[in-house]
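Trainee: Give me the fold of what follows.
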Amino acid sequence: MDNALAQRFRAHLAQTISLSDEEFAAIITKFQQQSYAKYVQVFREGDRVNAVYFVLNGLLKLVYHDDAGKQHILSFAMEDWWETDFHAFFKHQPSKLSLICLERCDLLQLSHENYQKLCLAFPSFERFLLQKSIAGNMAAQNRILSLLTSQAKERYEQLLASYPQLLQRLSKTQLAAYLGVSRETLSRLYR
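Mentor: Alright, predicted model coming up:
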């Protein structure tokens, strides 16, 4: 792995936990770097998902396609974010979701087997993953509450306040799908 990317990953971990050089060297060996072109599906509905992904570079979307073929965007993931179909990953079941690159992406992939090994060998890394999981659950709850209680304009403003750098990278179509409105509605609201 490129040393600059490894150091970026180490800095990400250091925001939550302290690791010695030896601990980090052992941890990083359990990750595999993968590069994907724009629009490539990292996994798709029906696939077995045996990895969790850390985004080094790029932007992805996690989507569900309903029976009518409509796309529902559950989340986006950009640099320093973690993403996967966690249900499929932990339950060893086929995915109901697809993870799609919206830009060229460089990802660190951690297999389920190596995830378990790292948690057993490094309690501090397990604490790190727990903190990331808690933060992800809180964000998901806030998103659900926003979808249930807020109008589209309020959801847009909340997203803009929380992730202004993300909005600059999304098409209006992607943004509309995430907010749960049509592209036309989005255009009317934000002229």
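
Trainee: residues contacting the spatially most central residue of the chain?
Mentor: With distances taken as CA atoms, centre = their mean, Glu83 lies nearest the centre of the chain, 3.0 Å away. Applying CB atoms under 8 Å, 6 or more residues apart in numbering to Glu83 gives the contacts 52-53, 55, 60, 62, 75, 77, 99. For glycine as for every other residue, the C-beta is placed from the backbone atoms N, C-alpha and C.

Trainee: JSON lines please, covering those and showing pLDDT and neighbour count.
Mentor: Conversion of the contacts of Glu83 to JSON lines gives the following (pLDDT from 0 to 100; neighbours: other CB atoms under 10 Å):
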{"residue": "Val52", "pLDDT": "98", "neighbour count": "23"}
{"residue": "Tyr53", "pLDDT": "98", "neighbour count": "24"}
{"residue": "Val55", "pLDDT": "97", "neighbour count": "20"}
{"residue": "Leu60", "pLDDT": "98", "neighbour count": "24"}
{"residue": "Leu62", "pLDDT": "97", "neighbour count": "21"}
{"residue": "Ser75", "pLDDT": "94", "neighbour count": "17"}
{"residue": "Ala77", "pLDDT": "96", "neighbour count": "22"}
{"residue": "Leu99", "pLDDT": "98", "neighbour count": "26"}
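
Trainee: For those, work out which two are farthest apart.
Mentor: Pairwise distances across those peak at 13.5 Å for Val52 and Ser75 (criterion: CB to CB).

Trainee: rewinding a little: and the residue nearest to the centre of the chain, its phi and psi?
Mentor: Per-residue torsions, Glu83: phi -150, psi 150 (degrees, to the nearest 10).

Trainee: Just give the nearest non-adjacent residue to it, would you?
Mentor: Nearest residue to Glu83, sequence neighbours excluded (CB to CB, 6 or more residues apart in numbering): Ala77, at 3.8 Å.

Trainee: What residues are bridge-paired with that neighbour?
Mentor: Listed beta-bridge partners, Ala77: Leu60 (assigned using DSSP bridges).

Trainee: Please enumerate the helices of the protein.
Mentor: With DSSP state H applied, the chain shows helices at 3-14, 21-28, 86-91, 112-121, 123-149, 152-162, 164-167, 172-179, 183-189, listed in chain order.
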